[in-house]
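Visitor: Show me the folded form of this:
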Amino acid sequence: MRRTPLSARLVASQKRSRPMPLGLTAPIPVTTTLRFNPEPLCLSLLAQYRLEVMFAANGSRPGLSLRHALAGLQAGVLGALVMLVFLMIGSRWDGRSIWAIPNLFATTFFRNDIYRNELVRSSWTGVALLVAIYGMLGILWGCVWRDGERKGARRWLTLYGALTGLAVYFLFFHFIWIRVNGLITLYGPNRQLIVGHVLWGMVLARSPRYARRIAERLTAPVSDASEVAAHTGEVINS
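Guide: Below you'll find the predicted structure:
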């Protein structure tokens, strides 16, 4: 009985005279194991985004991030709603319907005869237009001021916001609306619009606070249930 050599021979005749191991002539059955990680995509994105916020807080990465735009959008939309409520109250004080201002802005997309002292279907278009415009301006504000960490700027943010509201009013009602929709500049209550824009700017100044609040929520420790869900795996044999 011949023994199978454990090392290869140097000469071809020597290799031919020796039987070859089984593993070199026939395939060895292999069992594969597929591991599946059921971690949701949202949790992985959240973890990645939390790392970005942590790096930004430590100063190792640029401070501008998505949370500043979201905070500005929140402040801009909230300020637009405050301004809209103030204009509705002013319209009621003047003896008109509370929907007069939304109907006035809705004339940008519809006919002029929809400017009425009553609620119509197109009134919500005017509300959406106001919220969209001042929400987008809030995004710009949030990207500029970020966390409000500039030297001595946090204490003056409310004043800067009010001045920004006045600047936006003069820009829109003296240069933009007069060319896009002249009815707004003709029938709009100027004094109420000025005060409404000041209120919008004061609410807009809260965006750095919203940005810091979002960062605190994202950098807070994850709950035990979330950690278990993120690190649990299931083994599937095939």
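
Visitor: would you list every one of the helices in this protein?
Guide: In the chain, helices defined by DSSP state H lie at 12-16, 22-25, 41-58, 66-93, 100-106, 123-145, 157-171, 177-180, 182-187, 190-204, 207-219, 224-231, listed in chain order.

Visitor: and residue 113, which of these is closest to it?
Guide: Residue 113 sits nearest to helix 100-106 of all the helices of the chain, at 10.1 Å, using CB to CB. No exception for glycine: its C-beta is placed from N, CA and C like everyone else's.

Visitor: and the helices of the chain as CSV, adding mean neighbour count, distance to residue 113 and mean pLDDT?
Guide: Formatted as CSV, the helices of the chain follow (neighbours: other CB atoms under 10 Å; distance: least, CB to CB, whole Å; pLDDT from 0 to 100):
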stretch, mean neighbour count, distance to residue 113, mean pLDDT
helix 12-16, 10, 100, 52
helix 22-25, 8, 89, 50
helix 41-58, 13, 48, 45
helix 66-93, 20, 19, 96
helix 100-106, 24, 10, 94
helix 123-145, 19, 14, 95
helix 157-171, 17, 27, 96
helix 177-180, 12, 19, 94
helix 182-187, 14, 11, 92
helix 190-204, 20, 23, 96
helix 207-219, 18, 39, 91
helix 224-231, 11, 55, 47
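
Visitor: Columns distance to residue 116 on top of those, output as CSV?
Guide: What follows is those, written out as CSV (distance: least, CB to CB, whole Å):
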stretch, distance to residue 116
helix 12-16, 100
helix 22-25, 89
helix 41-58, 45
helix 66-93, 12
helix 100-106, 6
helix 123-145, 9
helix 157-171, 25
helix 177-180, 20
helix 182-187, 12
helix 190-204, 19
helix 207-219, 35
helix 224-231, 52
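
Visitor: Can I get stretch 79-98 as PDB, trimmed to CA atoms?
Guide: Output in PDB follows, covering the C-alpha atoms of stretch 79-98 (Å, rounded to 0.1, in the frame of the first residue of the first chain):
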ATOM      1  CA  GLY A  79     -43.400  83.100  10.800                       C
ATOM      2  CA  ALA A  80     -45.600  83.000   7.600                       C
ATOM      3  CA  LEU A  81     -48.500  81.500   9.500                       C
ATOM      4  CA  VAL A  82     -48.100  84.200  12.200                       C
ATOM      5  CA  MET A  83     -48.100  86.900   9.600                       C
ATOM      6  CA  LEU A  84     -51.100  85.400   7.900                       C
ATOM      7  CA  VAL A  85     -53.100  85.200  11.200                       C
ATOM      8  CA  PHE A  86     -52.200  88.800  11.900                       C
ATOM      9  CA  LEU A  87     -53.300  89.900   8.400                       C
ATOM     10  CA  MET A  88     -56.600  88.000   8.900                       C
ATOM     11  CA  ILE A  89     -57.200  89.700  12.200                       C
ATOM     12  CA  GLY A  90     -56.400  93.100  10.600                       C
ATOM     13  CA  SER A  91     -58.900  92.300   7.700                       C
ATOM     14  CA  ARG A  92     -61.600  91.500  10.300                       C
ATOM     15  CA  TRP A  93     -60.800  94.700  12.200                       C
ATOM     16  CA  ASP A  94     -61.300  96.700   8.900                       C
ATOM     17  CA  GLY A  95     -64.700  95.000   8.400                       C
ATOM     18  CA  ARG A  96     -63.600  92.700   5.600                       C
ATOM     19  CA  SER A  97     -63.500  88.900   5.500                       C
ATOM     20  CA  ILE A  98     -60.500  87.100   6.900                       C
END
